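In: Turn this into a structure:
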Amino acid sequence: MADLEQFASGQGRRILIVDDDEAVLKGLSEYFARLGYEVVRAATGQQGLDGFASQEPDVTILDLRLPDIDGMQILETMRRKRALVILLTGYGDIATAVRAMQLGAENFLTKPVDLPHLVATVERAIEKLDLRRENVRLRQMVPSTRRRVFQLVAALVLIAAALLVGRFVGNVGTSYQAPPAIAPIKQAAPAPTDTAKAPAAAQPGSAAAVPRH
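Out: Sure, this is the predicted structure:
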């Protein structure tokens, strides 16, 4: 049996195994449980569909030949819900494998299955699932990021507009304008000069010019 330490831990992963062979179902369930997987078991096609709907497994290992429903029909039903399905059969042929891949199977393996190869196939399917989920998360983030950027730009525009309005209102309240003249302003008369106050100079021949003896 392969060394379990070579595989990644299945903790937090759920796997659905659908097989009508009780020995195969028990062996695969115990093997994946030891790897840390949560295992959902189904012995018929209907049980498989019910388990898939209620448990939402990360990966489904599906036997091709079941007593009640053909494995290809189950594959088609699960793939419409974007399930990751690995087909497992003891009656493999090229035509069947091609059809299974066309219907969307992740892989087509024949019994007796090589367990390390089966586990590696399951892990690749889980990596694909993780990538799909990450893409969905990123697509959901893009509109939110755009909305936040738009809100930020709108807030900046409002702040700038508020500052401009406040500056304009402030200038209107503090600016001084001279009142218009209603009537001409009366000019004051000039003050008399010293020369106007001085006595007139004596003229020659006048009485003031003759000295008294």
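In: Only C-alpha atoms from now on, for both contacts and neighbour counts.
Out: Will do.
In: just to confirm, which helix or strand has residue 109 in it?
Out: Taking DSSP states H and E as the definition, residue 109 sits inside strand 107-110.
In: With only the CA atoms kept, save that strand in PDB.
Out: In PDB, the C-alpha atoms belonging to strand 107-110 read as follows (Å, rounded to 0.1, in the frame of the first residue of the first chain):
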ATOM      1  CA  ASN A 107     -10.800  11.500 -15.500                       C
ATOM      2  CA  PHE A 108     -11.700   7.900 -16.400                       C
ATOM      3  CA  LEU A 109     -10.000   5.100 -14.400                       C
ATOM      4  CA  THR A 110     -10.400   1.400 -14.600                       C
END
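In: Can you give the strand pairings for that strand, parallel or anti for each?
Out: The pairing partners recorded for strand 107-110 under DSSP bridges are strand 85-89 (parallel).
In: what's the span of stretch 78-96 from first residue to last?
Out: Using Cα to Cα, to the nearest Å, the end-to-end distance of stretch 78-96 comes to 18 Å.
In: now what about it, what contacts it?
Out: With contacts defined as Cα atoms under 8 Å, 6 or more residues apart in numbering, stretch 78-96 is touched by 49, 58-65, 75, 100, 103-113, 122, 125, 129.
In: swap in stretch 36-56?
Out: 9-22, 25, 29, 32-33, 66-71, 74, 78.
In: Please flag which of those sit within helices.
Out: The helices, defined by DSSP state H, take in 22, 25, 29, 32, 33, 71, 74, 78 from these.
In: thinking again about what came up before, now the contacts of stretch 36-56: which count as buried?
Out: Buried members of those, counted by 16 or more other Cα atoms under 10 Å: 10, 14-20, 25, 29, 32-33, 66, 71, 74, 78.
In: all strands in this structure, in order from the N-terminus.
Out: 14-18, 38-42, 59-63, 85-89, 107-110 (DSSP state E).
In: least trustworthy helix or strand in the protein by mean pLDDT?
Out: The helix or strand of the chain with the poorest confidence is helix 194-197; it has a mean of 50 (mean pLDDT, DSSP states H and E).
In: about what we covered before: determine which two of the buried ones among the contacts of stretch 36-56 are furthest apart.
Out: Farthest-apart pair in the buried ones among the contacts of stretch 36-56 is 10 and 66; separation 26.8 Å (Cα to Cα).
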